[in-house]
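# sharing a sequence plus its predicted fold:
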Amino acid sequence: MTFDTHSKLSHTTLALHWIVAIMMITLLTTGVVMSEFELFAIYPWHKSFGVLIILFAVLRIVWRIKNGWPTHAGNYTNIEKTIATVMHWVLILGTVLMPISGFMMSAMGGYGVHFFGIELVANNPDPSDPSKVIPLNAGLAQIAHAMHSWGGYLLIAAVALHVVGALKHHIISKDGTLRRMFGASI
Ligand code: HEM
Ligand code: HEM
């Protein structure tokens, strides 16, 4: 297995970064759209891909532990180094905490969780009105909902800042940060 070097990132780092990045951006967008406009048709897809991302997020963390973090591609100032490190931690933790809070919110709220049609947690219909559900634990569901909502908006801001940072390195500092994340040798 090839590890990252300063001049070139491994295929593992590139594949995990871009798979997780595309899934995260899609989940953040669908999450906001479906809850703002109550688009219930999207919910099962959001939940299924939200559960699937756990696999890639865990693989990514294992890979970070084995391989370490990529070294800085350019002449970063100390402030830039600190911001980049904090942002990378926020982003990587977000990929774990968002699926967990989403899962807890749906499961504890009584709505159930299905993974591409496979029942992981059954829903809990109200016997007096089967179109409604009874929460398994309303308090936990509420905490998880708050985490999922606030976490979601925090992550949208973090991703926006991360992309602005990547573009700043490419356009203003003209270093290899962004090109290296697309597989180039720098
Ligand atoms: C990385 C994974 C995930 C991300 C980034 C994500 C992101 C989001 C965001 C940004 C929202 C909108 C929150 C709001 O406006 O209040 C949302 C809503 C929602 N998410 Fe997720 N989500 C993820 C995983 C999951 C999982 C695994 C489940 C359940 C199994 C789930 C279930 C839901 C539900 C039911 C809503 C709608 C809540 C409502 O109607 O108020 N999400 N998600
Ligand atoms: C269009 C969107 C994106 C672009 C252009 C982009 C670009 C980059 C670049 C250039 C780096 C290398 C930074 C360095 O060498 O110091 C990087 C690293 C990283 N990015 Fe992104 N990124 C994007 C989306 C995301 C998203 C949505 C996440 C959320 C999980 C994310 C999480 C990370 C993390 C955790 C790192 C640290 C290295 C690693 O673990 O792979 N990125 N990104």
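Cool, the structure landed. Ligands and ions are numbered 1, 2, ... in the order given.

# quick one: name the residues of the protein near ligand 1.
By CB under 6 Å from any ligand atom, the residues of the chain that approach ligand 1 are 24, 27-28, 31-32, 35, 43, 46-47, 50-51, 53, 95, 98-99, 102-103, 106, 113, 148-149, 152. Just so you know, the C-beta spots here come from the backbone N, C-alpha and C atoms, and that holds for glycine as well.

# end-to-end on stretch 66-84?
20 Å (CA to CA, to the nearest Å).

# who in this structure is up against ligand 2?
13, 17, 20-21, 24-25, 64, 70, 72-73, 84, 88, 91-92, 95, 159, 162-163, 166, 177-178, 181.

# sketch out the low-pLDDT regions of the chain for me.
Screening the chain residue by residue with the criterion pLDDT under 70, one finds no matching range.

# please name the residues that touch the residue nearest the centre of it.
Nearest residue to the geometric centre of the chain (CA atoms, centre = their mean): residue 95, 3.2 Å. By CB atoms under 8 Å, 6 or more residues apart in numbering, the residues touching residue 95 are 20, 24, 53, 56-57, 60.

# filter the residues of the chain next to ligand 2 down to the buried ones.
When the residues of the chain next to ligand 2 are checked for burial by 16 or more other CB atoms under 10 Å, the buried set is 13, 17, 20-21, 24, 70, 73, 84, 91, 95, 159, 162, 177-178, 181.

# can you tell me which of the residues you listed end up in helices?
The helices in this structure, assigned by DSSP state H, contain 13, 17, 20-21, 24, 84, 91, 95, 159, 162, 177-178, 181 from these.

# now those as JSON lines including distance to residue 132?
Conversion of those to JSON lines gives the following (distance: CB to CB, whole Å):
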{"residue": "13", "distance to residue 132": "46"}
{"residue": "17", "distance to residue 132": "42"}
{"residue": "20", "distance to residue 132": "36"}
{"residue": "21", "distance to residue 132": "37"}
{"residue": "24", "distance to residue 132": "32"}
{"residue": "84", "distance to residue 132": "47"}
{"residue": "91", "distance to residue 132": "37"}
{"residue": "95", "distance to residue 132": "32"}
{"residue": "159", "distance to residue 132": "35"}
{"residue": "162", "distance to residue 132": "40"}
{"residue": "177", "distance to residue 132": "51"}
{"residue": "178", "distance to residue 132": "49"}
{"residue": "181", "distance to residue 132": "47"}
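
# please identify the buried residues of the host helix or strand of residue 55?
Assignment of secondary structure by DSSP states H and E places residue 55 within helix 43-67. Counting neighbours by 16+ other CB under 10 Å, one finds that the buried residues in helix 43-67 are 43, 46-51, 53, 56-57, 60, 63, 67.
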